[in-house]
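Peer 1: Please work out how this folds:
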Amino acid sequence: MVQSLMNDQKKGTLLIVDDDAINREILDNIFSSFYIIEQAEDGKLGLKSILDSPENYCAVLLDVVMPEMDGLQVLRRLKQESLMDKIPVFLITGEASDSVMKEAYGLGVMDVISKPVVPYIIQRRVNSVIELFRARKILGNKVEEQQSELLIQANKIIRLNEGMIESLATAIEFRSGESGEHVRRIHDITKFLLSQTDLGTGLNKQDIEHIALASIMHDVGKIAIPDAILNKPGRLTPEEFEIIKTHTVQGAFLLEKIPQLREHESYHYAYDIARHHHERWDGRGYPDGLKGNEISIWAQIVSLADVYDALVSKRCYKGVFQRDEALSMIRENKCGVFNPLLLDRFFAVEEEIARMYYPSKKEND
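Peer 2: Numbering: from 1, shown residues only. Predicted coordinates for the structure are as follows:
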C-alpha cells in the first residue's frame, strides 16, 4: 500500500477535460500506465479542479468545443491566473482551425493535437513535455537552494564585517575609559530617531540600518589621540583640546584607508559622521565649520546623540548629570547649537530614548 502510494506520487496526475466520455476513456487508456488520471466532463469543472489544486497536475489535456466553458475560455482563465508557465496544457481537438491554433499558442499551450489521436504520437509528445517541465522544476529548486545557501553565506559575511566594525569601535571606547555600551547607545538612538520620526524621510529601512552601523564609528579617530590627553581626568588645556579635535579628521582618514570598508554600504555615512559629528548648526563646530543644512542629517543626529549620552553617562572627566539638567543644557545651547527641527523631534521622543539609561523612568523624572 505504501509502495503503491509512493509510485503514484512519482507518476503525477494528468487531467483530461473533454465533454465526450469516449474521448476521455481513449486518452485514459493511452496514459493510465504513465500517470494517475483524473477526468472532467466540461471546461468549467476542469478549470475548478485546476484552480483548487494547481500543484496536483503534471499536465492537462483539453478539448476545445465543450458546454459550460470551452477550451479557449479555460486557457484564457489559466493565463490570467499565471498558471500556463507552471502546468503544460495540450489542446486535443477536432476543430483545429488557424484562428483557434493561433490564439491557443498565443495563450501558451504546449501543443495542439488533432483528433483522432494516434496513441504513440500523442504519448511521445505529451511525455516529452512533462519530463521537460519536471526537469525544469528540479533545476529551479536546485537554483533556489543554491541561492538560499549563497544568501546565508553572504549574511554571515555581513555579520562578520559588522562584528569587526563594532569590535573596533568598542575597543576604542574602552581605550578612552568608556564602556562599549556607548557605541551601542549611539547606534540605537540614531536608528530610533531616523525610523520613529520624520527625520528619516527619504531613507529606506536599509539606508537607516547602514547609517546606524556607521554611527558606531563616529569616534574611531580617537585611536590617534595620546592616552594622556584622551584619559585626562581634568579640564583640557587649549593645546590639548586642539589635539582632541583632530580625532574627526583622523577618523575620516582612517576609514578612507580601509579598502574593505570602502566597499561597504555604510562607508559613505561612516566617513561623513566621523568627520562631521562635531559640526554645529551655527557654524561654530569643527573641523570644517559647516553650518545649517551643510551638515547631513545623520551627522547632526549622531552629534546630538553623542552629547546626550555624554551628559547622562559617567566619563573619566565628569560625573553623571541628572536627566532634567542634561535636557536643559541641550535646550539652552550649553553644548553647542543644534538644528531646531532636530531638537523638536528629539524632545518629542526623549522619554522613550531615556529608557536606555533609566530602567525606572520615575527615578529621574
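Peer 1: I'd like the domain boundaries of the protein, if you could list them.
Peer 2: 2-142, 149-364 (automatic domain parsing).
Peer 1: The chain: strands as residue ranges?
Peer 2: 13-17, 36-40, 57-62, 89-93, 111-114 (DSSP state E).
Peer 1: quick one on the thing from earlier: Throw the domains of the chain into CSV and include mean neighbour count, thanks.
Peer 2: C-beta here means a position set from N, CA and C on the backbone, and glycine is covered the same way. Shown next, in CSV, are the domains of the chain (neighbours: other Cβ atoms under 10 Å):
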stretch, mean neighbour count
domain 2-142, 16
domain 149-364, 17
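Peer 1: can you put those in CSV and add mean pLDDT?
Peer 2: Shown next, in CSV, are these (pLDDT from 0 to 100):
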stretch, mean pLDDT
domain 2-142, 87
domain 149-364, 84
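Peer 1: Report the contact partners of Ile50.
Peer 2: Residues near Ile50 by Cβ atoms under 8 Å, 6 or more residues apart in numbering: 15, 57, 60, 78, 83, 87.
Peer 1: Distance of it relative to Pro340?
Peer 2: From Ile50 over to Pro340 the distance is 63 Å, taken as Cβ to Cβ, to the nearest Å.
Peer 1: just Glu95 next, same as before
Peer 2: For Glu95 relative to Pro340 (Cβ to Cβ), the value is 77 Å.
Peer 1: same check, this time on Ala270
Peer 2: Taking Cβ to Cβ, one finds Ala270 at 27 Å from Pro340.
Peer 1: and if you look at Val74?
Peer 2: As judged by Cβ to Cβ, Val74 and Pro340 stand 65 Å apart.
Peer 1: For Leu255, which of the strands of the chain is the nearest?
Peer 2: Nearest to Leu255 among the strands of the chain is strand 57-62 (56.8 Å), distances taken as Cβ to Cβ.
Peer 1: Please enumerate residues in contact with the closest one?
Peer 2: Under Cβ under 8 Å, 6+ apart, the answer for strand 57-62 is 12-18, 27, 35, 38, 43, 46, 50, 71, 74-75, 87-92, 109, 126, 129-130, 133-134.
Peer 1: How far off centre is that strand?
Peer 2: With Cα atoms, centre = their mean, to the nearest Å as the basis, strand 57-62 stands 37 Å off its chain's centre.
Peer 1: Next, the angle strand 89-93 makes with that strand.
Peer 2: Angle of strand 57-62 versus strand 89-93, following axes from the mean of the first three to the mean of the last three Cα atoms, to 10 degrees, is 20 degrees.
Peer 1: contacting residues around Val117?
Peer 2: 26-27, 30, 92.
Peer 1: Could you check how far the nearest residue to Leu107 once chain neighbours are set aside is from Tyr57?
Peer 2: Once flanking residues are discounted, Leu107 sits nearest to Leu75: 4.4 Å by Cβ to Cβ, 6 or more residues apart in numbering. Between Leu75 and Tyr57 the computed distance is 15 Å (Cβ to Cβ).
Peer 1: With that, I have no additional questions.
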